[in-house]
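S.K.: I need the structure of the sequence given here:
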Amino acid sequence: MSQFRQDNITKHWVLIAPKRALRPEALNTEPAMPADLPETDDACVFCPANDNLNPQTIFALPSNKKWRVRVIPNKFETLSHKLAKPLERGGDDFFVTRPGVGDHEVIIMAQHNKPLAMQDLSDIELAVKTWLARMNDLQDHAEVRYIHIIQNHGKLSGATVMHPHFQLFTLPFIPNHLQDEMSGAAGYYRAHDKCVYCEMIDREMKDGSRVVLDHKDFLVFALFASRVPFQLRIIPKHHKASFTSISAAEQKSLAEVLKITLGKIYKKLNNPSYNFYIHTIPLCTPKPAFCDPDSYHWHLEVLPRVNVWAGFELGTEIYVNPVVPEEAAKLLRS
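M.R.: Numbering: from 1, shown residues only. Sure thing, here's the model as predicted:
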């Protein structure tokens, strides 16, 4: 029988419906990228040999000339600093608008033909260091309230360039989904005097049925109320509200955990398209009541795109997941 499950932080509902997986072509198994790509591609705008196509380098590791990870402005930016007048709200008391101010950067890996799961561990660690460096730099900008780092892998994730890369956005406000998380976490902290994420880590480790990887610094597990099949959360075991608090040792650990976790998805699910994003405490200025570093705990979410959201999900915002999270964890753990 199907089962409604509620996210115990946001209070959002999902519907676990295993019989939906029995439909023809219920789960997409198309690989996100071919296995026979060349190491470099003369036509690829992100390959190191084509740096002249994107001449502005914002940041690079280890250096601009022999970079393994490079940051450039997004040529087709979603957000921009090119404002004709100071930041202000517009519209009227019914239709409210505000300028699309912010940053939109692309963080590029050097190797063209390897998904993140197959990249060298040293390069993944450089990527983590780059995320941290860009967050630390951009959080000093007066208009920035939230910094969002993502990876879209494969066509079904929305990626338009196959070359492995990440994107970074800065927003002038805190997005609603994050507000729901933070409000739920703050409410739990007021009621129980403990972090709900730390409590979740303890319970998942004791239960074990949804744990995929138990690393010394991070826990990887399938969410009890997973919105999509094989959705995973990577979370530090020690309480930290902000990703910018990550230590050098934890950066190395996160690179290891990402490679192992995405490697499991790559091998078990035939290299599917996926999205991942980091949720971290925003820059709370002025500070709303729900923005509490004692109650919030940063984490990274991985969402394989092996099914399609349709009218039920879009109309109700109750996501139908045809794979039981405990079974998903068991498959990835094996």
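S.K.: Which SSE is immediately downstream of the lowest-mean-pLDDT helix or strand in the chain?
M.R.: Scoring the helices and strands of the chain by mean pLDDT, DSSP states H and E places strand 90-91 at the bottom, with a mean of 58. Moving toward the C-terminus from strand 90-91, the next helix or strand (DSSP states H and E) is strand 96-97.
S.K.: so what secondary structure elements neighbour the helix or strand just after that next one?
M.R.: Next along the chain after strand 96-97, taking DSSP H and E as the criterion, comes strand 104-109. For strand 104-109, the elements it packs on are strand 69-73, helix 121-138, strand 165-171, judged by 3 or more Cβ pairs under 8 Å, 6 or more residues apart in numbering; DSSP states H and E. For the C-beta atoms, the positions are set from N, CA and C on the backbone; glycine is no exception.
S.K.: Mean neighbour count, distance to residue 326 and mean pLDDT added to those, as JSON lines?
M.R.: Below are those laid out as JSON lines (neighbours: other Cβ atoms under 10 Å; distance: least, Cβ to Cβ, whole Å; pLDDT from 0 to 100):
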{"stretch": "strand 69-73", "mean neighbour count": "21", "distance to residue 326": "36", "mean pLDDT": "96"}
{"stretch": "helix 121-138", "mean neighbour count": "19", "distance to residue 326": "28", "mean pLDDT": "97"}
{"stretch": "strand 165-171", "mean neighbour count": "21", "distance to residue 326": "30", "mean pLDDT": "97"}
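S.K.: now those in TSV, with distance to residue 41?
M.R.: TSV is the format used below for these (distance: least, Cβ to Cβ, whole Å):
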stretch	distance to residue 41
strand 69-73	16
helix 121-138	18
strand 165-171	14
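S.K.: From residue 221, how far out is the nearest residue to residue 2 once chain neighbours are set aside?
M.R.: Distance criterion Cβ to Cβ, 6 or more residues apart in numbering; nearest residue to residue 2, sequence neighbours excluded, is residue 17 at 4.2 Å. Noted for residue 17: a distance of 21 Å to residue 221, by Cβ to Cβ, to the nearest Å.
S.K.: How about residue 333?
M.R.: 10 Å.
S.K.: who touches both of these two?
M.R.: Residues touching both residue 333 and residue 221 (Cβ atoms under 8 Å, 6 or more residues apart in numbering) are 211, 212.
S.K.: neighbour count winner among those two?
M.R.: Shown here are residue 333 and residue 221; by other Cβ atoms under 10 Å, residue 221 has more neighbours (27 against 18).
S.K.: Run through the residues that contact the residue nearest to residue 2.
M.R.: Going by Cβ under 8 Å, 6+ apart, residue 17 touches 2, 320, 321, 322.
S.K.: okay, it: pLDDT?
M.R.: What the model reports as pLDDT for residue 17 is 93.
S.K.: and if you look at residue 58?
M.R.: Per-residue pLDDT puts residue 58 at 95.
S.K.: how much space between it and residue 74?
M.R.: Distance of residue 58 to residue 74, computed by Cβ to Cβ: 11 Å.
S.K.: what touches both of the two?
M.R.: With Cβ under 8 Å, 6+ apart as the test, residue 58 and residue 74 both reach residue 105.
S.K.: Okay, strands next: where are they in the stretch 151-300 of the chain?
M.R.: Here the stretch 151-300 of the chain has its strands, by DSSP state E, counting those that start in this stretch, at 165-171, 211-214, 218-222, 232-236, 274-279, 299-304.
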